[in-house]
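1. Quick check, what structure comes out for this input:
(2 chains)
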Amino acid sequence: MINLYYAYQPIIDFFLLSVGFGYSQQIALRAGVFSIATAGFAAIGAYAVAILVTKTGFPIVGAVVLGMVIAGGAGLVLSLPLARLRGAFQAIATLAFVQIVISLLLFAEDFTGGALGITGIPRVVNTGVLIFIVAFVMYVMWSIGRTGLGRIFDALRQEESVAASLGVNIGRYHAFAFILSGAIGGLFGGLQSLYVFQIEPHNFGFAFMVNVLTVVILGGRTTLLGPIMGAAIMAILPELARPLAEYRPAVNGVILILVITFLPNGVGDEIVFWFRRRRHAAAAANRVKVKEAKNAVTSS
Amino acid sequence: MLSQQILNGLVTGSVYALFSLGFTLIFGVQKLLNFAHGATFMAGAFIAYYCTISGMPFLLAIGLSMVATGVIGIVVDLVAFRPLRKRGNAEFPALVSSIGVDLVLISIAQQVSKTQVLNFPFGTFPVKFFNFLGLRISLLQIVILATVAVLVVLLIFYLKKTSFGRQVRAVATNERAAALLGVNVQSVFLQTFFIAGALAGLAGVLIGLLFNSMQFLMGEPYMLRAFVVVVIGGLGSVPGAIVASLMLGVMQSLTVAYLPSGLTDAIIFTLLFIVLLIRPNGLFGDANAVAGGTRQ
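-> Below you'll find the model as predicted:
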C-alpha cells in the first residue's frame, strides 16, 4: 500500500493541483462568464509566492495568503472592464489578460527572472497539505452551492435577463465570480510554486489554459464532482494510454471533441444528474403510493 | 530607418490580414470562434514544405497546400462545429471542440516533424533585393504584398458581387431568414470554412518563407494576433480586419525596433483590452450592435 502510494504520488499531487485550478475555472463558468483567465490568476499567485518567499523571506503561509489576495484583486479589477462584454468577447478579453500577465513576467526580469523564471523555491507543499486545501476549497464551493449565491450564479448562467428581472445585480455577481476564480487560481498557483521548486512564465501559457479547461469540460461545469472527475480522467488517462504517449495532445483533443459533442454536461455532472433524476423519480413514485394508500383508506 | 520599419511592418501586417480574414469570416457567418485556425495555418506551411522537399515545383506545392488546408477547414466544420450547431447555443462548446481539433493537428505535426524546426531549402524562392527611394525591399516582400492585395480584392468581389457572396452575407445577417429564402446554409458554412482554411494555409506558407522557420507551434502566436486584429477591426468586419492587420504589423515592427524587447506583446494585448473597453465592437464594427449579447 505504502509502495503503491510512493509510486503514484506525483500523479496524485498533479491530480490535486488540477482539481484546484478546475474549481477556479468552474466558478467562472458556473456564473455564466466565459473566462479563461485562470492561467493568469495562477501565474500571479505563483509568482507572488515565489518572489515573496525567495527574495524577501516572507513567512510561507503569509505569502500564500497574500498571493491569493493579489490574484483575487486581479479578478476584481478584470471584472470591471469585462462587465460590458459577453460570450466570445469575454473569452478573448480574458485570453488577452493571460497574455499581458505572461509578457509582463517575461519583461520584468529584475523581479521575475524573465524567461528563466525563479528557482530555489522551498518545497514545503506535500500531498497532505494539498488534500487539506482541496478539501477546504470544496467546502467553500459546497457552501456557495447551498446558498443564494450559488442559485444566483446558476440563474445568471441559464438566463441572464431573467436573473436581472428578478433583481439580481449582474455586474456585482459577475465580479464575485471573478474574485473567487482569481483567489482560488492564485491560491493553487502559490501552492504549485511551493511544490515544483521552479517556475517560469511558460508554465502558465496556452497549454495550461487548455488543461484547466479540459478538466472542467470533461468533469462538468456545475457540480462539486465535476473538476474531481475531470482531473481524475486527465491524471489516469496517460497511464492507461501509454502506447499513445507520443500522441497525448491528440488523445486529449479527441476526448474534448467527443465529450463536448456527446456528453455536453461532462462526466461528473452527468453522474450527479443521473442520481438526482433517480431520486426525484423515486420520490414521485413514493408520492403516488402514499396517495393510493390514502384513497384506499378513504374509500373503504 | 523609420520608413524601412514601416515597410517591413506592412509586409507582416498583410500576412496577418490573410490569416485574420478567414477567422473573421467564420465569426461573421457563424458567430463562433475557431481556435483551430492557428493549427490550419501551421498545416499550410508544413504541407508546402513536405511537398517542396519531395521535389514538387514550389507553385504546385503552394496550390496543393491551399487545397489541403481548405479541406482541413471543411473537416473542422463537420467534426467540431456542425454537431454542436444542431443543439443551439454553441458558442462555448464550439470554442472547446475547436481547441480539440487544434490539439490533434498540432500533435500530428509534432510527430511528423519530430519537434524540429523546418526550413525551406535554399533557393525555393529567389533571394533578390531592390533599392527603392532608400528602402530595401526583397522580391519576396513584393510578391507577398501583391498576392495579398489580389486575394483581398478577389475576396471582396466574391462577397459583394457574386450570388454565392450574397448568400454568405444573407446567412451572416440572419441564418433563419436566409434558410427560409432557399439558401443552403450548410453549404455556405462549408464554403466559408474552405476559403478561411485556404487563406490560413497560404498565410502559413508566406510566413514560413518570410522568416524561413517553421515548427509545430507556429500557429499559436498568430492566432493570438488574430484575436487582436478582429477585435480592433470589429469581429466579422472584412475591411476592419484588413486595416487592423496592417496597423498591427506596423505597430509591432516599430515597438520591436524602438522599445525594449519583450514589451511588444504587453503593448499589443493592452491595446486590445483598451479597444474592448472603449469600443467593444471594434474601430470599424457596427457601433449599434451589442458586443456578444445583452448589455445592461
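2. Checking my notes, B:Arg136 in a helix, right?
-> No: B:Arg136 is assigned strand when assessed by DSSP: H, G, I helix; E, B strand; the rest coil, not a helix.
3. B:Gln4 versus that one, what's the distance?
-> Look at B:Arg136 and B:Gln4: by C-beta to C-beta, to the nearest Å, they are 7 Å apart. Where you see a C-beta, it was placed from the backbone N, CA and C, and this is true even at glycine.
4. and what of B:Tyr222?
-> Distance from B:Tyr222 to B:Gln4, by C-beta to C-beta: 23 Å.
5. more neighbours, the two?
-> Neighbour totals were compared for B:Tyr222 and B:Gln4, and B:Tyr222 leads with 22 against 14 (other C-beta atoms under 10 Å in any protein chain shown).
6. how about the more buried one, what does it touch?
-> Residues near B:Tyr222 by C-beta atoms under 8 Å, 6 or more residues apart in numbering or on different chains: B:Tyr16, B:Phe19, B:Gly38, B:Phe41, B:Ala203, B:Ile207.
7. any idea which element it lies in?
-> helix B:219-233 (DSSP states H and E).
8. Repeat that for B:Leu190.
-> helix B:185-211.
9. Return the helix or strand in the chain with minimum mean pLDDT.
-> Assuming you mean chain A. helix A:109-112 (a mean of 84; mean pLDDT, DSSP states H and E).
10. you looked at the wrong chain, it should be chain B
-> For chain B, judged by mean pLDDT, DSSP H and E, that is strand B:129-132, with a mean of 80.
11. Need the residues that contact that one.
-> B:Arg136, B:Ile137, B:Ser138, B:Leu139, B:Ile142.
12. ok, and the most crowded of these?
-> B:Ile137 leads the contacts of strand B:129-132 on contacts (other C-beta under 10 Å) with 18 neighbours.
13. Show me the shaky parts of the chain.
-> Went with chain A since none was named. A:1-2, A:4, A:300 (pLDDT under 70).
14. Correction: the question concerned chain B.
-> Residues of chain B that meet the cut-off, pLDDT under 70, sit at B:285-296.
15. Please enumerate the helices of it.
-> Per DSSP state H, chain B carries helices over the ranges B:2-30, B:37-53, B:58-76, B:82-87, B:91-113, B:139-161, B:163-173, B:175-180, B:185-211, B:219-233, B:238-258, B:264-278.
16. what about A:Thr298, distance to chain B?
-> Counting by C-beta to the nearest C-beta, to the nearest Å, the gap from A:Thr298 to chain B is 48 Å.
17. can you count the residues close to that residue?
-> Going by other C-beta under 10 Å, the residues that sit close to A:Thr298 add up to 7.
18. Show me what the one helix or strand it maps to is packed against.
-> Using DSSP H and E, A:Thr298 sits within helix A:267-299. Applying 3 or more C-beta pairs under 8 Å, 6 or more residues apart in numbering or on different chains; DSSP states H and E, we find helix A:267-299 packed against helix A:206-219, helix A:225-240.
19. correct me, but A:His174 touches A:Ala83?
-> Yes: if you go by C-beta atoms under 8 Å, A:His174 and A:Ala83 touch, sitting 6.3 Å apart.
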